[in-house]
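Q: Pasting the sequence and the predicted coordinates here, then a few questions.
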Amino acid sequence: GAVVSQHPSWVICKSGTSVKIECRSLDFQATTMFWYRQFPKQSLMLMATSNEGSKATYEQGVEKDKFLINHASLTLSTLTVTSAHPEDSSFYICSASERSYEQYFGPGTRLTVT
Amino acid sequence: LAKTTQPISMDSYEGQEVNITCSHNNIATNDYITWYQQFPSQGPRFIIQGYKTKVKNEVASLFIPADRKSSTLSLPRVSLSDTAVYYCLVYTDKLIFGTGTRLQVFP
């Protein structure tokens, strides 16, 4: 089956710094990638959708200047959390899609901001 | 605001059949319904996907009524390793994960 990786799997950073999370589709070309955020004991919330080579579409309430998404190739998307604060601590999960109705999820990245 | 709701939790015993229902009143006409399993600190894992009626694979069945406003995931004979959170995913005016059902399987 299709495999999606994320790096790093966990990261701790200080308040005010920026963190970059990578999402890669390993054995297929992802025309669309999605970024989700999940707080403890809650469901996944879609943050943004990105298509290769174009700007990401952000969901209502997600600050695009804070959560920078780059989808530079068909196998790589990055999420950069800029000027991170403790309230940004969460589990970030990406998914990649080759066809519109299929999503393959990465293993997630645990971000802790101190 | 479109919501996709599920029971918060369910308990079962090994070997029993478990049915988890997701209510999605505002599902888009042409969208599929997908179910995922999630273990702590892991990404969701695909279980099954369907558009209408019944779909079956080696691990689960999915029942979708004609109006498509709900769907039921059926796990035929659960084991301890099926203890996890189960989510439905649908597209209404945007991609929405269900609220999630925490399944606990007891020996």
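A: Happy to help now that I have it. Numbers count the residues shown, from 1 in each chain, chains lettered A, B, ... in the order given.
Q: what's the closest non-adjacent residue to residue 83?
A: Unless you meant another one, I'm taking chain A. Once flanking residues are discounted, A:S83 sits nearest to A:G16: 5.7 Å by Cβ to Cβ, 6 or more residues apart in numbering or on different chains. Bear in mind the C-beta positions are built from the backbone N, C-alpha and C, glycine included.
Q: not quite, I wanted chain B
A: According to Cβ to Cβ, 6+ apart, the nearest residue to B:T83 is B:V105 (4.8 Å).
Q: what about that neighbour, helix or strand, and which?
A: strand B:101-106 (DSSP states H and E).
Q: so what does that strand touch, helix or strand wise?
A: strand B:9-13, strand B:18-23, strand B:84-91 (3 or more Cβ pairs under 8 Å, 6 or more residues apart in numbering or on different chains; DSSP states H and E).
Q: cutoff 10 Å now
A: Helices and strands touching strand B:101-106, as assessed by 3 or more Cβ pairs under 10 Å, 6 or more residues apart in numbering or on different chains; DSSP states H and E, comprise strand B:9-13, strand B:18-23, strand B:70-75, strand B:84-91.
Q: Neighbouring strands - and their directions - for the following helix or strand past the longest one?
A: Later in the chain than strand B:84-91, the nearest helix or strand by DSSP H and E is strand B:95-97. Strands adjacent to strand B:95-97 in the sheet, as given by DSSP bridges, are strand B:84-91 (antiparallel).
Q: The strand it pairs with vs strand B:9-13, what angle?
A: 130 degrees (axes from the mean of the first three to the mean of the last three Cα atoms, to 10 degrees).
Q: would you put the C-alpha positions of strand B:84-91 in CSV?
A: The C-alpha coordinates for strand B:84-91 follow below in CSV (Å, rounded to 0.1, in the frame of the first residue of the first chain):
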residue,chain,number,x,y,z
ALA,B,84,-8.4,1.9,19.4
VAL,B,85,-10.3,5.0,18.3
TYR,B,86,-12.3,4.7,15.1
TYR,B,87,-13.2,7.7,12.9
CYS,B,88,-15.4,8.2,9.9
LEU,B,89,-14.3,10.8,7.3
VAL,B,90,-16.6,12.5,4.9
TYR,B,91,-16.7,15.6,2.8
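Q: burial of the closest residue in space to B:S79 that isn't next to it in sequence, as a residue count?
A: Closest residue to B:S79 apart from its sequence neighbours, by Cβ to Cβ, 6+ apart: B:E14 at 5.6 Å. For B:E14, the count of nearby residues is 13 (other Cβ atoms under 10 Å in any protein chain shown).
Q: How much space separates B:E14 from chain A?
A: The spacing between B:E14 and chain A, counted by Cβ to the nearest Cβ, to the nearest Å, is 25 Å.
Q: just to revisit the earlier point, test my guess that the residue nearest to B:T83 contacts B:D82.
A: Yes - assessed by Cβ atoms under 10 Å, B:V105 is found in contact with B:D82 at 5.3 Å.
Q: and for those two, which residues touch both?
A: Contact criterion Cβ atoms under 10 Å, 6 or more residues apart in numbering or on different chains; residues shared by B:V105 and B:D82: B:S12, B:E14, B:V18, B:L75.
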